[in-house]
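Visitor: Just to be clear, the model below is a prediction. Sequence and coordinates:
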Amino acid sequence: MQIVILKDSASVAEYGANIFIKQLQKKADSVLGLATGSTPVSLYQGLIAANKAKQISFSGVKTFNLDEYLGLEGTHPQSYRYFMNEQLFDHIDIDKSQTFVPPGDAENPIEACQGYEEQIKAAGGIDIQLLGIGRNGHIGFNEPSSGLMSRTRVKTLTKATIDDNARFFAVDEYQPHLSITMGIGTILDAKKVVLLATGENKADAIKATVEGALTAACPASALQLHQDAVLVIDEAAASKLADCDFYKHIEAENQNLMAKLGL
Ligand SMILES: N[C@@H]1[C@@H](O)[C@H](O)[C@@H](COP(=O)(O)O)O[C@@H]1O
């Protein structure tokens, strides 16, 4: 795991956006795995700016989102399809027919999960997967106890996640308790994984992810198994890490090596 600790959330978004910009400059027909939540919003703004400045194009890109609420149509303002259109797709030169979000309105969600896995496979797999993290260590909607090799499936949300996401719904609005989410195994299949976390309320989850045991109790700890996982976090999210100075030292050494190699 590469752990990059930066001073604030703006630096995290900028660093994260640069990883995606480099990826698209290297491979114009990349398959991107995308995430929702408040954390990636500034990264998306960076990508929109880079697209407008013609540094990158999305015209050959395919995207797959991590998850969607079960029971919401894509036109529902709280659906993740709606979020992605608003926060990214409506502002870039992407062919929307090449953007995939698990179908929250599927008549047969179990078949739809299988279909989503097949679509990812047919696209050649995900080149780079963006992740946020829940306070309980969830990635996508893989809540604690999720199988570490799980595939796309229907998942029940914990009370903690429902409460955390209640801020996006009106007081008397229906809030789904079920989701369709890529599995942890699906996420681990991505060639590269980039997890962003900011703020003190993510510090426990980050500690468990980096320094805790590999366990279904903290789904993000599965990233310990990935060959190319990068955690980009701010000082507040890093505040409970015991070996923070060591991670900063490694990163400084990495940067030196990359500069020497001209990478
Ligand atoms: N399903 C999403 C996750 O993919 C996201 O990582 C998490 C954290 O969101 P935020 O970035 O708003 O803290 O929220 C939701 O539960």
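Guide: It's in.
Visitor: The ligand contacts on the stretch 51-200 of the chain?
Guide: Contact residues, the stretch 51-200 of the chain versus the ligand (C-beta under 6 Å from any ligand atom): 66-67, 132-134, 140-141, 161, 165. Bear in mind the C-beta positions are built from the backbone N, C-alpha and C, glycine included.
Visitor: can you pull up the bridge partners for the residue nearest to the spatial centre of the chain?
Guide: What sits nearest the mean C-alpha location of the chain, by C-alpha atoms, centre = their mean, is Leu131, with 1.8 Å. Bridge pairing for Leu131 (DSSP bridges) gives the partners Leu195.
Visitor: Just list the residues touching it, thanks.
Guide: By C-beta atoms under 8 Å, 6 or more residues apart in numbering, the residues touching Leu131 are 35, 66, 139-140, 187, 193-196, 220.
Visitor: Apply 7 Å and report the result again.
Guide: The contact partners of Leu131, taken as C-beta atoms under 7 Å, 6 or more residues apart in numbering, are 35, 139, 193-195.
Visitor: tell me the two of the residues you listed that are most distant?
Guide: Ile139 and Val194 (11.6 Å; C-beta to C-beta).
Visitor: how many neighbours does the residue in the stretch 51-200 of the chain that the ligand sits nearest to have?
Guide: Residue of the stretch 51-200 of the chain nearest the ligand, by C-beta to the nearest ligand atom: Gly132 (2.6 Å). Look at Gly132: counted by other C-beta atoms under 10 Å, it has 21 neighbours.
Visitor: returning to that earlier point: of Ile139 and Val194, who's got more company?
Guide: Shown here are Ile139 and Val194; by other C-beta under 10 Å, Ile139 has more neighbours (29 against 25).
Visitor: Wasn't Gln129 part of a strand?
Guide: Yes: membership of Gln129 in a strand is supported by DSSP: H, G, I helix; E, B strand; the rest coil.
Visitor: I'd say it and Val31 touch.
Guide: No: the criterion here is C-beta atoms under 7 Å, and Gln129 misses it with Val31 at 9.5 Å.
Visitor: List of residues touching the helix-or-strand element of the chain with minimal mean pLDDT?
Guide: Of all helical and strand segments in the chain, the minimum by mean pLDDT, DSSP states H and E falls on helix 159-165, at a mean of 92. The set of residues external to helix 159-165 that reach it, using C-beta under 7 Å, 6+ apart, is 134-136, 138, 143, 175, 177.
Visitor: re earlier: ok, and the most crowded of the residues of the stretch 51-200 of the chain next to the ligand?
Guide: Gly140 (30 neighbours).
Visitor: Could I get the contacting residues of that one?
Guide: Residues counted as contacts of Gly140 (C-beta under 7 Å, 6+ apart) are 66-67, 181-182, 187.
Visitor: out of those, who's nearest Phe246?
Guide: Taking C-beta to C-beta as the measure, Phe246 lies nearest Ile187 of those, at 26.2 Å.
Visitor: sorry, back to before: could the contacts of Leu131 go into a markdown table alongside pLDDT?
Guide: Shown next, in a markdown table, are the contacts of Leu131 (pLDDT from 0 to 100):
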| residue | pLDDT |
| --- | --- |
| Ala35 | 98 |
| Ile139 | 98 |
| Val193 | 98 |
| Val194 | 98 |
| Leu195 | 98 |
